[in-house]
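Asker: fold the following.
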Amino acid sequence: MYNHFFGFKERPFKLVPNPAYLFLSKSHQEAMAHLVYAVGAGDGFVELTGEVGTGKTTLCRAFLEHLDQKTEVAFIFNPVLDPEEFIRAIIDEFGIPSEGNTTKELMDTLNNFLIEKKAQGKDVLLLIDEAQNLTRDVLEQIRLISNLETTQSKLLQIVLVGQPELATFLGSRDLRQLSQRITLSCRLQPLTYKETEDYIKHRLSIASGKQRTMFSREAVRRVYQYSRGIPRLINIACDRALLTAYGHDQKNISNKIAAIALKELGGRDREKRLDLGVNKKTTAAVACALSATLLIILYAFGIIDVSKRVEIQNIQSLTVKEASQQTASHQETKPADKVETESDTSQVPGFESV
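Answerer: Numbering: from 1, shown residues only. Okay, here's the model as predicted:
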């Protein structure tokens, strides 16, 4: 699309976990160090968590690419399976021939494979992505798999990678046996403003094969304000900014170009919030009117004492007034070209609106 115009070999901000584009922020460096140490030390369990879009899968793929031939790896990226299917998936990933039809037969096959690899001096690693989707039954199966060990070391090292809900899930009382076996735990954090700036330069340089500084400081601030340091959102914002610049025949991303690009992205979220607000107000107005009607019916049939008549009239008057005010407020609209900034810009130095 715009690759030739900017001199890119490929789009620099594609939403795919390409290890070639891995940017090691301080948080990512610590996570990578944990993974490398876990394999070298032979620890049984490692837990890696992070918010959606922080780069967990990209980090894991980069880690796997740097493992030597001494390590056998099974990478499970779709763990929505029952216990038997889960073991079969592990066996398939390791390339183990098996004719087992029961869970016990499959476990015996896996155990024999692990013992064989241990005798060959090899490490065996099981990495499970999206682990927050694991069921309790499968987690229990993982605990049983972790029992495969010799008197001196574990036969299998397990890395659980998932969203923050994974840590909460593992912290529950009925999973404490598994939680106690996790020896290393780390969490990926969003990028800081400075890391966001370096991240953008990093991806531009890889895509073009040379150092590139295409985004002005003001444009970077806008991207950071929109993304709050989440790499996936940075990619979305920067890709849209490049597309906008291409449409305006501009080689660099100025503050104005970034504002135009992010207006639509921010506008969609704002429209959803406004729709939700209108629905809530409408529901409240209807509820008030229905409440008044119900009270009048109860009074007419003598269910409510006559002494409550004045109170009913007051409630009816109040609810009708509120409903009228709500209806009037819905008819008020803001100018279509007005841009509202929902996020707090106090953390972004020198931010100026267009």
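Asker: what's the neighbour count on K194?
Answerer: Applying other CB atoms under 10 Å, we find 11 residues neighbouring K194. Placement of C-beta: from N, CA and C, glycine included.
Asker: now do the strand or helix carrying it: everything it contacts.
Answerer: Here K194, judged by DSSP states H and E, is contained in helix 193-208. Under the contact criterion CB atoms under 8 Å, 6 or more residues apart in numbering, helix 193-208 has outside partners 6-13, 20-21, 23, 25-26, 191, 211-215, 217, 220-221, 223-224, 227, 229, 231, 234-235, 238, 347-349.
Asker: show me what counts as buried in whatever helix or strand comes next after that helix.
Answerer: Downstream of helix 193-208, the first helix or strand assigned by DSSP H and E is helix 217-227. With burial defined by 16 or more other CB atoms under 10 Å, the residues of helix 217-227 counted as buried are E218, A219, V220, R221, R222, V223, Y224, Q225, Y226, S227.
Asker: tell me the centre residue of the chain?
Answerer: V52 (0.8 Å; CA atoms, centre = their mean).
Asker: okay, that residue: pLDDT?
Answerer: What the model reports for V52 is a pLDDT of 95.
Asker: next: G171.
Answerer: G171 is assigned 85 on the pLDDT scale.
Asker: and it, how many residues sit next to it?
Answerer: Around G171 there are 10 other residues, counting by other CB under 10 Å.
Asker: what about the helices in this protein?
Answerer: Using DSSP state H, the helices of the chain run over 3-6, 26-41, 56-65, 83-94, 103-119, 136-145, 165-170, 176-179, 193-208, 217-227, 231-247, 255-300, 309-330.
Asker: check the gap between L155 and F23 for me.
Answerer: Note on L155: its distance to F23, by CB to CB, to the nearest Å, is 35 Å.
Asker: and this structure, what are its domains?
Answerer: Domain ranges of the chain: 3-12+192-253, 26-188, 278-330, per automatic domain parsing.
Asker: distance between the longest one and the chain's centre?
Answerer: Here the centre of domain 26-188 is set off from its chain's centre by 20 Å, with CA atoms, centre = their mean, to the nearest Å.
Asker: circling back: from the contacts of helix 193-208, keep the buried residues only.
Answerer: Buried by 16+ other CB under 10 Å: 6, 8, 11-13, 21, 23, 25, 191, 212, 214-215, 220-221, 223-224, 227, 229, 231, 234-235, 238, 348, out of those.
Asker: of all the domains of the chain, which one comes closest to A261?
Answerer: For the domains of the chain, the distance to A261 is smallest for domain 3-12+192-253, at 4.1 Å, taking CB to CB.
Asker: that closest one: end-to-end distance?
Answerer: Taking CA to CA, to the nearest Å, the first and last residues of domain 3-12+192-253 lie 15 Å apart.
Asker: chain center to it, what's the gap?
Answerer: Worked out by CA atoms, centre = their mean, domain 3-12+192-253 lies 21 Å from the chain centre.
Asker: ok so, going back, just the buried positions in the helix holding K194, please.
Answerer: For helix 193-208, a neighbour-count test (16+ other CB under 10 Å) marks 193, 195-197, 199-204, 206-208 as buried.
Asker: tell me the angle that helix makes with helix 231-247.
Answerer: Computed with axes from the mean of the first three to the mean of the last three CA atoms, to 10 degrees, the direction of helix 193-208 lies at 60 degrees from that of helix 231-247.
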